[in-house]
Every structure is written in structure tokens, then in C-alpha cells.
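Undergrad: how would this look folded up:
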Amino acid sequence: MMKSKTNRNAEILQYTGVVLIVLSLVEIILEILNVLHLDLMGISAAESIAGLFFWQAGNAAVQMIFSFVGLFAGIVAFALSTSGKYNQWLRWLGIALIAIYLIEGAMLLSQPSMYSWIRVIFLLVIAGIYVFAAMKPVESEPGAY
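TA: A predicted model of the protein is given here:
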């Protein structure tokens with residue numbers, strides 16, 4: 001019974017890791033298009049669906065940092081969940097992500113956008129899942145708590 005619950009937690013972490021990786025890659029690609037001022041079927045990237053994924057504060061470098069942090073975190077979470085030994089590291093990853101996305105949320109106060117807030121809340125939920133999953137005991141890790 002416990003084994004199946006552990007496997008389910010690992011699956012959830014793998015799926016959220018993949019979602020974080022895909023979201024980050026989409027953000028990075030759209031931000032590059034935005035910086036290069038390329039048109040997507042006559043509509044600039046800033047006016048297109050890119051607005052659903054990131055805030056338009058005009059600072060591409062800062063947004064790219066947040067996107068690469070998300071990409072790195074997704075890769076690490078996916079790798080940790082497949083190893084089965086993720087309690088300690090996953091907890092710190094989740095706490096770090098919560099801090100990072102709270103900082104991004106604070107930056108949104110200067111330029112609020114409903115889509116940007118939805119994105120930050122979604123990412124905070126993923127980080128919370130990581131912290132919560134790290135609290136669960138994992139059978140393959142001795143001394144897990």
C-alpha cells in the first residue's frame with residue numbers, strides 16, 4: 001500500500017517536472033521572439049499568446065532568469081523523482097522556488113496582469129507540491145521523514 005502511494009508521489013513529481021520544463025521552454029522561446037521583435041502572423045510576440053505566459057515589464061533579462069530557473073527546477077525535480085531519493089533535496093528545491101516566485105510576484109505589483117498572476121500562482125502551487133511531497137516518507141531512502 002505504501003509502495004503504491006510512494007510511486008504515485010513520484011509520478012506526480014515527474015508530471016509537474018515535465019510541465020515546468022515545457023512552460024519554461026515556451027517562455028524562453030517566446031521571450032527570444034519578443035526580444036528579436038519577430039512577428040507571429042503579423043502580430044508581435046508581445047501582443048500574442050506570449051502575454052499568457054510572462055509579465056510585460058520590459059526587462060527581458062530578468063524574465064529569462066526566471067524562465068531558466070523554472071527550466072532548471074523542472075529538470076532537477078524530474079531527475080530526483082525518478083531516483084526515488086528526493087526528500088531532502090526536493091524540500092529545499094520547493095522552498096527555493098516558493099521564494100523565487102514570491103519575488104517574481106512582488107515584481108508584478110508594478111505591472112499587474114491577470115495572466116501573469118495566474119502563472120505565478122500556478123508555479124507557487126507546483127513549488128508547494130514539491131515541499132508537500134518531500135514531507136512524505138520514501139521507502140527507498142533510509143531515515144526519511
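
Undergrad: all helices for this protein, in order.
TA: 2-36, 60-83, 87-108, 114-135 (DSSP state H).

Undergrad: can you put these in CSV and add mean pLDDT?
TA: Formatted as CSV, the helices of the chain follow (pLDDT from 0 to 100):
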stretch, mean pLDDT
helix 2-36, 70
helix 60-83, 71
helix 87-108, 73
helix 114-135, 71
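
Undergrad: redo these as JSON lines? Include mean neighbour count.
TA: No exception for glycine: its C-beta is placed from N, CA and C like everyone else's. Formatted as JSON lines, those follow (neighbours: other Cβ atoms under 10 Å):
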{"stretch": "helix 2-36", "mean neighbour count": "16"}
{"stretch": "helix 60-83", "mean neighbour count": "18"}
{"stretch": "helix 87-108", "mean neighbour count": "17"}
{"stretch": "helix 114-135", "mean neighbour count": "18"}
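
Undergrad: my guess is Phe66 contacts Ile100. True?
TA: Yes. Phe66 is within contact range of Ile100, at 7.2 Å (criterion: Cβ atoms under 8 Å).
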